[in-house]
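[1] Sequence and predicted structure below; questions after.
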Amino acid sequence: MWAKVSGYFFKGLIALLPLFVTIWLVTFMFNFFDGLTGGVVDMFNGKHIPGLGFIVTILLIFFTGILVTHVIGQKIFELGEWFLFRLPIIRNIYSSAKQVNDVLFMQRTKGGYRKACLVEYPRKGIYSVGFVTSEVAEEIRRKAARKKMVNIFIANTPTPATGFLIMVPSENVKLLDMKMDAAFKYVVSGGVLKPKN
């Protein structure tokens, strides 16, 4: 009897788990975006309206996207960054976040850097999707006695903003034609969302 009950429970859990994860993720994203500008909106509005901060944040992101695609908007954005880089503590946090963002999301094909790649990791015969970020430091290359080595960021699934760095000889790295965002979707989804050929 207990074997049947536990069997039904686990089958139900497996069936509903994607739904639970979706609800949790949507709720988390909603609360996060709603909280970003919700406090400012509440000050002007006089009372809290759930979802209003979320709408304002989405509109802010959208209009920022429009702004930074034009030269004048880029100059305004650069001026804002210039100001942030001169604030103590804030500049350290923003600088680190910007560096990670640039490495992961800014496409740069010259020399093959910032491209999705395939590398045999964690052992021979098993492959991982990684992201080539740059050449290794000269001292590391010398002490590894290699002509050329590259830094590869291996992103975690399903949280690609976290991961780890490996240093691999260039000849052992296979560059992929898929774009960075397609490779990220592939990693985040655990291989479910396959890039189109």
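    Looks like it arrived, so ask away. Residues are numbered from 1 along each chain as shown.

[2] Ramachandran angles for residue 153?
    Residue 153 adopts backbone torsions of phi -90, psi 120, taken as degrees, to the nearest 10.

[3] I should have written residue 132 there, sorry.
    Dihedral angles (degrees, to the nearest 10) for residue 132: phi -70, psi 120.

[4] Surely it touches residue 148?
    No - if you go by Cβ atoms under 8 Å, residue 132 and residue 148 don't touch, sitting 11.8 Å apart. All C-beta atoms are positioned from the backbone trio N, CA, C, and that covers glycine.

[5] higher neighbour count, the two?
    residue 132 (23 against 11; other Cβ atoms under 10 Å).

[6] Could you pull up the residues touching that one?
    Residues counted as contacts of residue 132 (Cβ atoms under 8 Å, 6 or more residues apart in numbering) are 112, 113, 114, 115, 116, 117, 150, 151, 152, 173, 175.

[7] Just list whatever residues bridge to it.
    Counting by DSSP bridges, residue 132 is bridged to residue 115, residue 152.

[8] Just the pLDDT for it.
    pLDDT recorded at residue 132 is 89.

[9] Quick one: low-confidence residue ranges for this protein.
    Where the chain drops to pLDDT under 70, the residues are 99-113, 160-161, 197.

[10] rerun at 50
    Counting by pLDDT under 50, the ranges of the chain that qualify are 109-112.

[11] Would you map out the domains in this protein?
    Taking automatic domain parsing as the reference, the chain has its domains at 2-84, 110-188.

[12] Redo those domains as TSV? Include distance to residue 97.
    Shown next, in TSV, are these (distance: least, Cβ to Cβ, whole Å):
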stretch	distance to residue 97
domain 2-84	10
domain 110-188	10
